[in-house]
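> coords below, sequence missing:
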DNA sequence: TCATGATATAAGTATATGCTTATATATACA
DNA sequence: TGTATATATAAGCATATACTTATATCATGA
């Protein structure tokens, strides 16, 4: 893998966004698969506006991408972002969030969408 | 290298501290060698109290260690910290701060202390 | 066209953050 | 003992942050 050097200022901006439990969990979730807002609300047990505001910060910074499918808006990790290598490394060193999505699925709360 | 999983909450706390240009630079500097406060002040061109306050945050979190030698207090990276793997990875992906120390040295502003 | 569900946005608020200036503390050295 | 240097701490202040509640937007389906 080629080593890319990320500008300090840009790295700091991304790290600031990662430096919040809620956003770090959100990124841990979208690392494994796309998620929609109501799933974050369910997993994180937080209000919908609060989640939306965190997502907006992540999206404004370009760390996540959004895609509407019907009534849902799905968020995914933007692996093209300049600071993605940092995010990737960080996510590798924290507990996997996959089980939380699995628990959602088992509770029948996972959103599946073909459109 | 063994892979250690860092608790999400603790990771977020460290990332928050890294998410500031000044502190990220400070950590980049102590990655290479011990530095004292006046060196940070010189390199970063910021007020001494401001630097001291950033150092206090880093020290309170345990990310750096301090050691007094005579009239100077030297700061160094605490490589035993639980979140050190994250810090290490991040520092590997941003520009090296070594030249800044070298410039200090050439300007005769580097503090050398044997005590 | 209307009601519902998913999401975004706005406004308000309490707290956190990062600087400033002023001052205290601690060491060195004459 | 007195002065200079290095550093820490305190207090004040402007701005940022992360919620809350209320409301707007947009797609779906009857």
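Looks like it arrived, so ask away. Note that this is a predicted model, so its numbers are computed, not measured. Numbers count the residues shown, from 1 in each chain, chains lettered A, B, ... in the order given.

> quick one: stretch A:36-54 near DNA strand D?
Yes: counting by CB under 7 Å from any atom of the strand, DNA strand D is contacted by stretch A:36-54 at A:46, A:47, A:49, A:50, A:53, A:54. For every residue, glycine as well, the C-beta is placed using N, CA and C.

> okay, how far is it across that stretch, tip to tip?
When the termini of stretch A:36-54 are compared using CA to CA, to the nearest Å, they are 13 Å apart.

> Just confirm yes or no for it near DNA strand C.
Yes: Stretch A:36-54 is in contact with DNA strand C by CB under 7 Å from any atom of the strand, via A:36, A:37, A:38, A:41, A:48, A:49, A:52, A:53.

> Could you dump the residues you listed into TSV and include neighbour count and secondary structure?
Formatted as TSV, the residues of stretch A:36-54 next to DNA strand C follow (neighbours: other CB atoms under 10 Å in any protein chain shown; DSSP: H, G, I helix; E, B strand; the rest coil):
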residue	neighbour count	secondary structure
A:36	19	strand
A:37	17	helix
A:38	16	helix
A:41	16	helix
A:48	11	helix
A:49	9	helix
A:52	13	helix
A:53	11	helix
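
> Flag every residue of chain A that's near DNA strand D.
A:16, A:20, A:22, A:46-47, A:49-50, A:53-54, A:57, A:68, A:70-71, A:115.

> Can you flag the buried ones in the residues you listed?
A:16, A:20, A:22, A:54 (16 or more other CB atoms under 10 Å in any protein chain shown).

> what about the most centrally placed residue in chain A, distance to chain B?
By CA atoms, centre = their mean, chain A has its centre lying nearest to residue A:27, at 2.9 Å. For residue A:27, the distance to chain B equals 11 Å [CB to the nearest CB, to the nearest Å].

> How far off centre is the strand or helix carrying that residue?
Element membership for residue A:27, per DSSP states H and E: helix A:21-32. Relative to the mean C-alpha coordinate of its chain, helix A:21-32 is positioned 4 Å out (CA atoms, centre = their mean, to the nearest Å).
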